[in-house]
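Asks: sharing a model prediction with you, sequence too.
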Amino acid sequence: MIARQPPTLPKALRPAAVPTPVLGVLRRLSEAGHRPWLVGGVVRDLLLSRTRHDPDEFDVASPATPAEVQALFRKVIPTGIDHGTVTVVEEGARVEVTTFRGEEDYVDGRRPSRVTFHGDLDADLARRDFTVNAMAWDPLGHELRDPHGGRADLARKVIRAVGDPRERFAEDGLRPLRGVRFVSQLGFRLAPSTRDAIPGALPVVALVSRERVAEELTRLLVGPHAARGIAALSATGLLPVVLPRLAAMPAGRVRHALSVASERFAPGRGARAEDDRDRLRLLRMAALLHVLPPGEAMRAVVELRLPNRLATGVVALSGESCALDENGPPEGKGGAAGTRRWLSSVGRERAPLFLDLWRADARHQGARTATRVAEVRRFRARVLAELASGAPLSVAELALGGEDVLALLPRVSGREVGEALRFLLDEVLETPSANTKARLSARLHAWWGARAAERQGPGTS
Ligand code: ATP
Ligand code: MG
């Protein structure tokens with residue numbers, strides 16, 4: 001039997017697009033008389049022909065209270081029970097089920113002071129942020145509920161607040177940040193009235209926790225239309241709230257940082273999608289902060305409470321790159337050995353990131369652009385050649401290790417072993433062919449002899 005499907009329902013909304021465990025949850029709720037709907041981002045993404053596979057991205061909403069949901073399923077986790085959300089565990093998958101809500105009385109511009117549960121889907125959709133996020137689909141009953149014109153806005157590629165944007169932004173300062181993030185993720189533009197409501201909402205945006213701000217900013221930076229998102233961030237006045245230290249720099253520097261961060265940064269070769277997202281996040285964040293003095297960049301990442309790994313990467317990358325406008329790449333300093341010393345200091349892994357950032361930076365140097373692009377290209381070729389040559393770049397790659405130093409030098413101290421290895425690395429960076437046991441042993445003995453002479457020296461003079 002072919003399921004009856006009203007002709008108005010778009011093709012993307014087929015029950016087959018819903019993972020089996022989610023359909024199971026929907027059926028159970030439906031059989032118990034609580035008509036369930038899929039709501040929010042998943043409906044938006046399906047209508048954009050972006051298939052989703054992960055059951056936990058399918059948000060279910062129904063009039064069933066958390067207690068009623070708990071009674072219907074064997075395993076239910078009370079994830080956000082105050083806000084009406086529980087997580088049903090079905091066939092090993094986690095499915096979020098939320099009671100229809102209405103909200104009122106926002107006190108701190110973030111969290112509703114009172115949440116009301118009721119059986120009203122339309123009130124639930126009315127409290128949602130943007131029209132494209134305020135649609136609901138019932139896959140069992142084949143119905144799409146779209147009271148705010150979300151489909152039309154999807155077609156027009158517009159992010160529009162549900163209701164009066166000024167009121168909606170005054171209720172919750174996260175919404176303007178989500179709005180510009182969707183601009184970047186979807187390549188949409190803000191509806192004029194929605195865009196114009198943002199400047200007046202900035203004091204409310206300033207109340208959003210730094211972690212949430214950082215989360216939205218990083219998601220914006222890795223979006224496929226990040227340049228649009230960055231432009232929207234700047235045009236709406238959100239930038240000083242998101243990155244006050246960048247916004248405090250001279251206007252020309254800010255523009256430069258935004259242009260570099262808006263570069264495309266071609267994907268890493270053969271990288272997995274997640275690695276690519278990590279790389280983009282790091283590069284674009286560093287690009288935003290590379291115009292700050294190093295201490296300021298460090299303060300900016302601390303204030304954003306970025307995860308540790310990202311923070312250290314951004315500080316290293318932006319710090320090394322801030323001298324760039326003055327000096328250009330470290331090209332020509334010390335020839336090939338200089339290139340190897342630079343590689344050794346930044347590390348094999350990070351070097352390609354520096355090259356990507358510097359190439360992007362070079363493209364936005366006004367009158368110097370052509371010269372800089374050529375300089376970076378030459379430096380890049382030299383770096384890639386050194387990387388390909390397999391020349392040793394770290395103590396771990398030396399033909400002699402700590403054990404060997406201990407065996408070769410009687411009475412050497414632990415600290416001196418470290419110094420010895422660093423000395424040998426210096427030698428090998430200068431002359432990669434010196435990286436053999438025999439040659440390094442000879443160099444080591446010479447170094448040790450010279451030290452012994454030095455140690456005696458001051459006493460006799
Ligand atoms: P993504 O999962 O890609 O971030 P999403 O739209 O699913 O996109 P979620 O944060 O998962 O975003 O939120 C799910 C839904 O909840 C949204 O689609 C929207 O309808 C609603 N929503 C989320 N945050 C807010 C908010 N701050 N104000 C109003 N509604 C919101
Ligand atoms: Mg979501």
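Replies: Looks like it came in fine. Ligands and ions are numbered 1, 2, ... in the order given.
Asks: low pLDDT regions in the stretch 201-350 of the chain?
Replies: 270, 322-326, 331-333 (pLDDT under 70).
Asks: ranges for the helices of it?
Replies: With DSSP state H, counting those that start in this stretch as the criterion, the stretch 201-350 of the chain has helices at 210-221, 226-235, 239-242, 244-247, 251-261, 273-289, 294-303, 308-321, 324-327, 335-346.
Asks: return the distance of the longest one from the chain's centre.
Replies: In terms of CA atoms, centre = their mean, to the nearest Å, the centre of helix 273-289 is found 6 Å from the chain centre.
Asks: next: the second one.
Replies: In this view, helix 226-235 has its centroid 15 Å away from the chain centroid, taken as CA atoms, centre = their mean.
Asks: by proximity to ligand 1, which residue of this structure wins?
Replies: Nearest residue of the chain to ligand 1 (CB to the nearest ligand atom) works out as residue 41 at 2.2 Å. The way it works is simple: take the backbone N, C-alpha and C, and place the C-beta from them, glycine included.
Asks: pretty sure that residue contacts residue 58?
Replies: No: taking CB atoms under 8 Å as the definition, residue 41 is not a contact partner of residue 58, at 9.4 Å.
Asks: if you count surrounding residues, which of the two has more?
Replies: Set side by side, residue 41 and residue 58 show more neighbours around residue 58, with 27 against 17, by other CB atoms under 10 Å.
Asks: hang on, residue 95 is in a strand, isn't it?
Replies: Yes: read with DSSP: H, G, I helix; E, B strand; the rest coil, residue 95 is one of the residues of a strand.
Asks: tell me the bridge partners for it.
Replies: Following DSSP bridges, residue 95 is listed with bridge partners residue 88.
Asks: which ones are touching it?
Replies: 21, 22, 25, 55, 56, 58, 60, 87, 88, 89 (CB atoms under 8 Å, 6 or more residues apart in numbering).
Asks: now do residue 219
Replies: 181, 184, 185.
Asks: any chance you could map the strands in the chain?
Replies: 37-39, 59-62, 76-80, 85-90, 93-99, 101-106, 112-117, 136-138, 143-145, 158-159, 189-190 (DSSP state E).
Asks: including distance to residue 381, could those go into JSON lines?
Replies: As requested, the strands of the chain are exported to JSON lines (distance: least, CB to CB, whole Å):
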{"stretch": "strand 37-39", "distance to residue 381": "52"}
{"stretch": "strand 59-62", "distance to residue 381": "50"}
{"stretch": "strand 76-80", "distance to residue 381": "53"}
{"stretch": "strand 85-90", "distance to residue 381": "53"}
{"stretch": "strand 93-99", "distance to residue 381": "49"}
{"stretch": "strand 101-106", "distance to residue 381": "56"}
{"stretch": "strand 112-117", "distance to residue 381": "57"}
{"stretch": "strand 136-138", "distance to residue 381": "53"}
{"stretch": "strand 143-145", "distance to residue 381": "55"}
{"stretch": "strand 158-159", "distance to residue 381": "43"}
{"stretch": "strand 189-190", "distance to residue 381": "40"}
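Asks: most tightly surrounded among the ones you listed?
Replies: Of all these, strand 37-39 has the most neighbours on average by mean count of other CB atoms under 10 Å, namely a mean of 25.
Asks: quick one: the strands of the chain as JSON lines, columns for mean pLDDT and distance to ligand 1 too.
Replies: Shown next, in JSON lines, are the strands of the chain (pLDDT from 0 to 100; distance: least, CB to the nearest ligand atom, whole Å):
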{"stretch": "strand 37-39", "mean pLDDT": "98", "distance to ligand 1": "7"}
{"stretch": "strand 59-62", "mean pLDDT": "97", "distance to ligand 1": "6"}
{"stretch": "strand 76-80", "mean pLDDT": "95", "distance to ligand 1": "12"}
{"stretch": "strand 85-90", "mean pLDDT": "96", "distance to ligand 1": "10"}
{"stretch": "strand 93-99", "mean pLDDT": "96", "distance to ligand 1": "9"}
{"stretch": "strand 101-106", "mean pLDDT": "66", "distance to ligand 1": "8"}
{"stretch": "strand 112-117", "mean pLDDT": "63", "distance to ligand 1": "10"}
{"stretch": "strand 136-138", "mean pLDDT": "98", "distance to ligand 1": "10"}
{"stretch": "strand 143-145", "mean pLDDT": "97", "distance to ligand 1": "13"}
{"stretch": "strand 158-159", "mean pLDDT": "98", "distance to ligand 1": "11"}
{"stretch": "strand 189-190", "mean pLDDT": "98", "distance to ligand 1": "16"}
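Asks: so the chain: which segments form each domain?
Replies: As assigned by automatic domain parsing, the chain contains the domains 15-156, 158-242, 251-391, 395-455.
Asks: and the longest one, how far out from the chain middle?
Replies: In terms of CA atoms, centre = their mean, the centre of domain 15-156 is found 26 Å from the chain centre.
Asks: next, the distance between the ends of it.
Replies: 26 Å (CA to CA, to the nearest Å).
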